[in-house]
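Peer 1: How does the following fold in three dimensions:
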Amino acid sequence: MKLFLDFYGVRAAIESEAESILEEFRRDFQWFRADPEKSMPHVRLGLSATLPPSAVPQKKNSRRFVHHDPEAVVDYDFSEEEGGVFCAEPHRLHELGYLLLLSRVGEMLDRRGLHRVHGLALEWGGKCALMLLPMGGGKTTFALEALRSFPVRLVSEDTPLVDEQGRLWPFPLRVGICGDRNIDGIPESMQRVFRRKEYGPKMLVDIDYWKGRIAVGGPFVPSAIFVGQRGWAAPGEKLLRRVAAWRAAPALISSLLVGVGVPQGREYLLRWDVRATGGLLKNAFSRTRTMMRLLACRRVYLWRLSRDTVANAKTVSVTMETFEDA
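Peer 2: Residues are numbered from 1 along each chain as shown. This next block holds a predicted model:
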């Protein structure tokens, strides 16, 4: 059984004997489902719900074996861009396969000048905003409230793509919310629990729940960048403060240039050979150039969230509506 995906021309084939695992991936990447007849995939990934093979070597030419723990192993060949994840525990198999796929697809998108940035991107009537919040800063809560209360469209809740012209491209994946409690107003059929080994469970919401609310027709030139600050705003405190564009640089260095919060997989990204090292340097240059284009954005705001989620969404929505240019 196979699943075929297409990420802006980077094609992937996912294979597993476990239909339940493939169904998880279908729901994770619903927006990127592809016709299997189009062309050969760039990435081939097998997911095996069995114990990993015993006594595998650590390295062999372009092939790497990553032991996540005694019961979970990834075997990947970078020259062929083909590999497998072996784990008998379904949630762990899902987690490792999901991260490996995003790591390999992300590196290939990097080569094409499309870089993932850890942030939230929403679109208001052709005007797009990029929101850079620290880890755990509440971007998912904000996105859910904005989609519930205002006529916005989702570009990406976690990792929008940005090209070397500083334009944003939709990259909508399933939405993950920390904890495993059901979310009010969203049908249970659209929710499922994602149990992670190190970071605790997440409740996943299928992107199909927002069908019709996904931004299409991009790319979008960001009209504003909102840089989140740690700590809740005090009652009556102003939530937004316009600042010089360079004030967004630290957040962009973290979320775009370094890629903090972006599934990259150091165990896959860092490979000590001339070709891989050259690719990393090229990607770093491309990401830097992309960051500089984003810093040319005319409107940058420091943003301190309130505990009032409706007030947060309303503040940003009202601000975006004042912009005359798309």
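
Peer 1: Which residue ranges of the stretch 51-200 of the chain form strands?
Peer 2: For the stretch 51-200 of the chain, the strands defined by DSSP state E, counting those that start in this stretch cover 59-60, 63-69, 72-77, 82-87, 114-116, 120-124, 127-132, 153-156, 161-163, 168-169, 175-178, 191-196, 200-205.

Peer 1: now for these, which one comes closest to residue 257?
Peer 2: strand 114-116 (9.0 Å; Cβ to Cβ). All C-beta spots, glycine's among them, are computed from the backbone N, C-alpha and C.

Peer 1: Now do that closest one, average pLDDT.
Peer 2: Here strand 114-116 scores 97 as its mean pLDDT.

Peer 1: Then stretch 32-43?
Peer 2: Averaging pLDDT along stretch 32-43 yields 85.

Peer 1: Return it as CSV; C-alpha atoms alone will do.
Peer 2: Extracted C-alpha coordinates of stretch 32-43, given in CSV (Å, rounded to 0.1, in the frame of the first residue of the first chain):
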residue,chain,number,x,y,z
PHE,A,32,-0.3,17.5,-0.7
ARG,A,33,-2.0,14.3,-1.9
ALA,A,34,-0.8,13.5,-5.5
ASP,A,35,-1.6,11.3,-8.5
PRO,A,36,0.7,8.3,-8.4
GLU,A,37,1.0,8.3,-12.2
LYS,A,38,2.6,11.8,-12.5
SER,A,39,6.3,10.8,-12.3
MET,A,40,8.9,9.0,-10.2
PRO,A,41,9.2,10.2,-6.6
HIS,A,42,12.2,12.1,-5.3
VAL,A,43,11.8,10.5,-1.8
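
Peer 1: Which positions in that stretch come out as buried?
Peer 2: Across stretch 32-43, burial judged by 16 or more other Cβ atoms under 10 Å covers 32, 34, 41, 42, 43.

Peer 1: How much space separates the first one from residue 212?
Peer 2: In this case it means residue 32. Going from residue 32 to residue 212 by Cβ to Cβ, to the nearest Å gives 17 Å.

Peer 1: Return the subset of the buried residues of stretch 32-43 lying in strands.
Peer 2: The strands, defined by DSSP state E, take in residue 43 from those.

Peer 1: JSON lines for the buried residues of stretch 32-43, including distance to residue 23?
Peer 2: Shown next, in JSON lines, are the buried residues of stretch 32-43 (distance: Cβ to Cβ, whole Å):
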{"residue": "32", "distance to residue 23": "15"}
{"residue": "34", "distance to residue 23": "17"}
{"residue": "41", "distance to residue 23": "19"}
{"residue": "42", "distance to residue 23": "23"}
{"residue": "43", "distance to residue 23": "20"}
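
Peer 1: Looking at the buried residues of stretch 32-43, which is nearest residue 255?
Peer 2: Nearest to residue 255 among those, with distances taken as Cβ to Cβ, is residue 32, at 21.9 Å.

Peer 1: who's in contact with that closest one?
Peer 2: 5, 6, 7 (Cβ atoms under 8 Å, 6 or more residues apart in numbering).

Peer 1: cool, residue 285 as well?
Peer 2: Taking Cβ under 8 Å, 6+ apart, we find residue 285 in contact with no residue.

Peer 1: Make sure residue 16 is actually in contact with residue 49.
Peer 2: Yes - Residue 16 is in contact with residue 49 according to Cβ atoms under 8 Å; the separation is 7.3 Å.

Peer 1: So between the two, which is more surrounded?
Peer 2: The residue with more neighbours, out of residue 16 and residue 49, is residue 16; 23 against 18, by other Cβ atoms under 10 Å.

Peer 1: Now the residue lying closest to that one once chain neighbours are set aside. Its backbone dihedrals?
Peer 2: Nearest in space to residue 16, with sequence neighbours left out and distances taken as Cβ to Cβ, 6 or more residues apart in numbering, is residue 47 at 4.0 Å. Phi and psi for residue 47, reported as degrees, to the nearest 10, are phi -120, psi 110.

Peer 1: Kindly state the beta-bridge partners for residue 47.
Peer 2: Under the criterion DSSP bridges, residue 47 forms beta bridges with residue 16, residue 85.

Peer 1: still on that earlier bit, right, so of the strands of the stretch 51-200 of the chain, which gets closest to residue 281?
Peer 2: For the strands of the stretch 51-200 of the chain, the distance to residue 281 is smallest for strand 114-116, at 14.6 Å, taking Cβ to Cβ.

Peer 1: re earlier: which one of the buried residues of stretch 32-43 sits closest to residue 129?
Peer 2: Nearest member of these to residue 129, counting by Cβ to Cβ, is residue 32, at 23.3 Å.

Peer 1: Skipping adjacent residues, who's closest to that closest one in space?
Peer 2: Using Cβ to Cβ, 6+ apart, the closest residue to residue 32 is residue 5 (4.5 Å).

Peer 1: In space, what's closest to residue 109 - neighbours in sequence excluded?
Peer 2: The shortest distance from residue 109 to any non-neighbouring residue, by Cβ to Cβ, 6+ apart, is to residue 10 (5.9 Å).
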